[in-house]
Every structure is written in structure tokens, then in C-alpha cells.
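> my questions concern the predicted model and sequence given below.
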Amino acid sequence: MRIINGKEIADQLKNEMAAEVERLRSERGRAPHLAAILVGNDPASETYVKNKEKSCHEVGISSSVYRMPENTTEEQLLEAIDFINNDDEIDGLIVQLPLPKGLDADKVVSRIAPEKDVDGFHPINVGRMVLGQPSYLPATPMGIMLLLERSGIPTEGTRCVVVGRSNIVGTPVSILLSRNLKNANCTVTLCHSRTQNLAAVCRTADILIVAIGKCEMITGEYVKEGATVIDVGIHRVPDATKKSGYALKGDVKYDDVAGRCEFITPVPGGVGPMTIVGLLRNTLSAFKGEIYPSR
Ligand code: GUN
């Protein structure tokens, strides 16, 4: 069994990016700039946004966070998005999700200029991604593809089972893995809450990707001997032995599953750090005008 060290792979990729960012900054007179809008006080969102700022800083990307109160109206939020859309010195914009009740995430995300939508959540970017046209790939699916590639895990012709059909992870990663591309070409099955005999379906997987949002749901009986297991889940569970008072667990029951795997991602330190790499790559790509060249 080999542990896929997402932190180490992410650090390598960030180092590579830092060199490119520095070269571009000296050529163009400014660094790429990522803006995030954070509405309300969700503690998990606060942590995610802080981590994004820290990672931007590490690679030399400028970042700014626009904090708006919990009772922000949709009109005020849309106005803030328009303001950033019109700022020529901001390359990427994300609105941290989930939004407080009463704000329509679909409407809000659709207001982001597609060329600045570095989360890849705008319907235009999702459509382009599905059609295989140039697009910002959503960060977590991109991170998973990079993890598989950098770990030298063969994908071509393999059976891949994805558990969870969210718009952010399960659905897009299933599309990317089924693509006719060198680091894809999997035969993909997308499972969800209504899938019958889920454990038996999962046991057919050479590559099992779990993004179902249920703490430690995937036990040894879901995993074929020699499989690769990618765990996207992250849950805080109370743990008195930890200084913080909690431990982080995934959707996979690690101790039960690890012994059966050829490769497995830990939580924390697996997929999480790679998600941020995906976002940074998209921001750099926006700065370079790779997806929408007219900028
Ligand atoms: N909330 C959880 N994951 C994400 C993400 O990738 N982007 C945004 N904007 N919000 C999130």
C-alpha cells in the first residue's frame, strides 16, 4: 500500500507555479490577482478562504477578500460581483459557497464574468467543460486528475467508480475521467444515494473516488484488493486527544480500507491541498488569457 501524499505533490506544483508567476510578474508589471467574496460567518468557509489567501501568497498571486455581512441582500452581492467583474486588475473571482439562506447561488454564480470564473462553476464554463472546449476545470476534479497523473497511476482502460454526483466534484470528475485523453480513458460508473448494491458496484473499481459527504461511510467491503482510493470527504469529529479538540476524517474509513489498497489518499493531506492548486492554476490561466484569449 502506498499513501498518496497530496501535500507534497501540491507543494511541488506550487513551486513550479511560483517560478512562472514571478517570470510573468516581471514581464507584465503586475502579478495575477484572485478576489474572493465571503458572505456571512460560516467557520468552514472562513478556513477555506484563509487557506486560499495563504496559498496565493506562497506562489506570488495577489489576493483580496471582500467580506459581506450575513444579512447582505442579493442586490448588494450582485453589485459587488459587477464591481469586481469590471476591475481590469482582478483576473479571477470566486464567491465562497454555501451562501446564507435567501441568496440564490445559481443566480449569483451566473453573474460572475465567465472569463473570471476560476471556480469553473458558471454555466458557460460547465458547458464548455462538458463539450471538451477550453474551460476552467472545477478545482477539486482538476486536483484529483493531477494527483493520479503525478502519482503515476494508470487510468487508460481501467474501471472507475465515483460515489457522489455533486456539481462540484462527482459529476465533473466522472466526465473528465471518461474523456479520450492520455490521463483518462476510464470506464466510469457514477453512483449516488439511490444506487442499489453500492458496495458491490464499488468493488468493481480499479479507481474508487468518494465524494458523498458521509463520514467514514466507505469500509473495507466496498474496496477491491489492489484498488486506488481517492477520498474527497472532510469532516470534523470531536477528539479529546487532539489539541484542537477535533480530528479530521474522510468519507473513507481509512484504517479499514488502507490494507486492501495499492494507493490511497489520506485525510487531511490528500485531495484537500490539491484543490487549492486547481484554483491557483485557473487564476494563472485567467491572467494569461488561455481560456478566453480576447482578454
Ligand atoms: N465551498 C466548498 N468548496 C468550494 C469551492 O471550490 N469554491 C467555492 N466558491 N466555494 C466552495
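On my side now, so go ahead. Numbers count the residues shown, from 1 in each chain.

> okay, the one helix or strand V162 maps to in CSV with CA atoms only?
Assigned by DSSP states H and E, V162 belongs to strand 159-163. The C-alpha coordinates for strand 159-163 follow below in CSV (Å, rounded to 0.1, in the frame of the first residue of the first chain):
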residue,chain,number,x,y,z
ARG,A,159,-12.8,0.8,-14.2
CYS,A,160,-13.5,3.9,-12.2
VAL,A,161,-16.4,4.2,-9.7
VAL,A,162,-17.3,7.7,-8.5
VAL,A,163,-19.5,7.9,-5.4
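
> counting contacts, what elements does that strand pack onto?
Judged by 3 or more C-beta pairs under 8 Å, 6 or more residues apart in numbering; DSSP states H and E, the packing partners of strand 159-163 are helix 170-178, strand 187-191, helix 198-202, strand 207-210. For glycine as for every other residue, the C-beta is placed from the backbone atoms N, C-alpha and C.

> partner strands of that strand, with direction?
Partners of strand 159-163 in the sheet, by DSSP bridges, are strand 187-191 (parallel), strand 207-210 (parallel).

> tell me the helix or strand right after the last one.
Think strand 207-210. The first helix or strand that comes after strand 207-210 along the chain, using DSSP H and E, is strand 228-231.

> who's in contact with the next helix or strand after that following strand?
Sequence order places strand 235-238 as the next helix or strand after strand 228-231, per DSSP H and E. Applying C-beta atoms under 8 Å, 6 or more residues apart in numbering, the external contacts of strand 235-238 come out as 215-216, 245-251.

> farthest pair in those?
Greatest spacing in these, by C-beta to C-beta: G245 and D251 (21.7 Å).

> of these two, which one has the most company?
D251 (23 against 10; other C-beta atoms under 10 Å).

> please check the contacts of strand 235-238 and keep the buried ones.
Among the contacts of strand 235-238, those buried by neighbour count (16 or more other C-beta atoms under 10 Å) are 216, 248-251.

> how about the residues you listed in CSV, adding secondary structure and distance to the ligand?
As requested, the buried ones among the contacts of strand 235-238 are exported to CSV (DSSP: H, G, I helix; E, B strand; the rest coil; distance: C-beta to the nearest ligand atom, whole Å):
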residue, secondary structure, distance to the ligand
E216, coil, 20
L248, strand, 15
K249, strand, 17
G250, coil, 15
D251, coil, 15
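
> contact residues of the stretch 1-150 of the chain facing the ligand?
94-97, 119, 139 (C-beta under 6 Å from any ligand atom).
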